[in-house]
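Asker: Okay, sequence plus prediction incoming.
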Amino acid sequence: MKTMNKIFKKSAVLLAFSLLPFLALAGVRSEISIDANGKIVAKNIKVFMISEPGKSKFFYTRALWDDIFIRMTVLTNDATTITKQHGEKATVFDIKEGDIINVEGTLPNSADSLNIQATKIVDLSLLRESKVTSGKVTSISGLPGSFSFLSNKGYALTIKIKPGMTITKGARTIQPSDISVGDKILSARGIFDYSTDILEVDTIDVYQDKGVFTPRNFQGTIKSISGTTLPITLSVTVGSKDYSVSLGEKSAVLNKAKEQTSLTRFVVGDTVRFYGIVRQTDLSAIDADTIRDMDF
C-alpha cells in the first residue's frame, strides 16, 4: 500500500468511486476521488465511531453504496476548517456518530490504509445554525408565541419566541401578544433549524411607525381627573381607547372660547380637546401642553 501511495502522487491517476444506481444504505450515496498528488475529496460519508467522544480529533467513517462500504479514518488538526451544512463554523467536537460529512484533504505519508488528513469538513447533519433575518409577519399561529414570517429575501419560515424574551418596538418593550399581522420585523436573531424552517429567536426588533408620535390635536371625554391644580393627570377616552393625559405646570387650561380658566370647572363627562404627543415608551400616555373644555 505504501508503494501505491507513491504511485498516486507521481502519476496522473484519478481514482473515482462512482455512485451505484441503487438506493444506498440509510439513503447515503458516497463519492470519493483521489488525484495524482494524493488530494482526496470524499462526499456523503458516514461517521461510524469517534475514538474518544469529546476529546478525540479523529474518527472512523464509511463510504457507502448499497451493501458495499469502504472504511476510512479522518484525521484533523488545528488547521482543519469545520462548518455546518449552511456555512456556520463548527468544531470537531460538534461531529457525532451517525453524521453525514463531506471531507477534503490529503493522503498522509506512509499510510497503508485509506486515511484522510482533513483540511476541510462540512457536517451535512448539523442543520441548526445562527441566523439574523428581517421581513413581515404574515399570520399568527395557534401556538403561543409563534407566528409565520416572510423574509425580505422571500423565504417563508416560522418564528418561535422563547418565554421571557425581550421584544422591542421603538422605545418600548412589548409582549408576543402585541405582535400583529403586517408588522415589520427589523431584526429577528436566533437559532434556525433548516429541517423544520423554525427560527427560535433570542431577540426581536419590531418597526415602530414614527408618525404615531407627531404632535396633534385629540378630542375625547373625561373619564377621571386627579386634581384641580397643575400638574395633573386625566383619563380621557378618545374614540374607543383610554389615554392617560399628563398636564405640566406650564400647560394652558382653556375654555371653549380659548380663554384661560380653572381646572375646578372640569368634570367627569366633559368633552375636552387637547394638543400633545403620544409618549414613545407608552402608547396609552399623552403629554399635553394645552387642554380646552368644550362644555363651557
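Answerer: Ah, there it is. Since the structure is predicted, the reported quantities are computational estimates derived from the model, not experimental observations. Residues are numbered from 1 along each chain as shown.
Asker: which intervals of the stretch 1-150 of the chain have sub-threshold pLDDT?
Answerer: Within the stretch 1-150 of the chain, the stretches with pLDDT under 70 are 1-27, 53-56, 111.
Asker: try it again with 50
Answerer: Applying pLDDT under 50 to the stretch 1-150 of the chain picks out residues 1-26.
Asker: those helices in it, which residues are they?
Answerer: For the stretch 1-150 of the chain, applying DSSP state H, counting those that start in this stretch gives helices covering 2-10.
Asker: how about the strands in it?
Answerer: 15-17, 31-34, 39-50, 58-65, 68-75, 81-84, 100-106, 115-123, 128-140, 146-151 (DSSP state E, counting those that start in this stretch).
Asker: Flag every buried residue along the fourth one.
Answerer: Buried positions in strand 58-65, judged by neighbour count with 16 or more other CB atoms under 10 Å: 58-59, 61-65. C-betas here are computed from N, CA, C, even on glycine.
Asker: Please name the strands paired to that strand in the sheet, noting orientation.
Answerer: Note on strand 58-65: by DSSP bridges, its sheet partners are strand 39-50 (antiparallel), strand 68-75 (antiparallel).
Asker: can you list contacts of the last one?
Answerer: With CB atoms under 8 Å, 6 or more residues apart in numbering as the test, strand 68-75 has contacts from 17, 20, 25, 30, 32, 42, 45, 57-63, 101, 103, 105, 108, 113-118, 121.
Asker: just the first one next, same as before
Answerer: Counting contacts by CB under 8 Å, 6+ apart, the residues outside strand 39-50 that touch it are 26, 28-34, 56, 59-64, 72, 95-107, 116, 124.
Asker: Just the buried residues of the residues you listed.
Answerer: 28-32, 34, 59, 61-64, 72, 95, 99-107, 116, 124.
Asker: show me what contacts V238?
Answerer: For V238, the contacting residues are 218-220, by CB under 8 Å, 6+ apart.
Asker: How about T168?
Answerer: The contact partners of T168, by CB under 8 Å, 6+ apart, come to 174, 203-206.
Asker: Now do the helix or strand it falls within: distance to the chain's middle.
Answerer: Using DSSP states H and E, the element containing T168 is strand 156-169. Using CA atoms, centre = their mean, to the nearest Å, the distance from the centre of strand 156-169 to the centre of the chain it belongs to is 8 Å.
Asker: now swap in stretch 119-131 and tell me
Answerer: Distance of stretch 119-131 from its chain centroid, counting by CA atoms, centre = their mean, is 17 Å.
Asker: Domain-wise, how is the protein divided?
Answerer: Domains of the chain are assigned by automatic domain parsing as 2-123, 128-208, 213-293.
Asker: Could you report the neighbour count for S141?
Answerer: Here the count is done by other CB atoms under 10 Å, and S141 has 12 residues near it.
Asker: Give me whichever of the strands paired with strand 58-65 is most buried.
Answerer: strand 39-50 (a mean of 19; mean count of other CB atoms under 10 Å).
Asker: The strand holding T168 pairs with which strands?
Answerer: According to DSSP bridges, strand 156-169 forms sheet pairs with strand 146-151 (antiparallel), strand 172-174 (antiparallel), strand 198-206 (parallel).
Asker: For E129, find the nearest of these.
Answerer: Among the strands paired with strand 156-169, strand 198-206 comes nearest to E129, with 10.3 Å by CB to CB.
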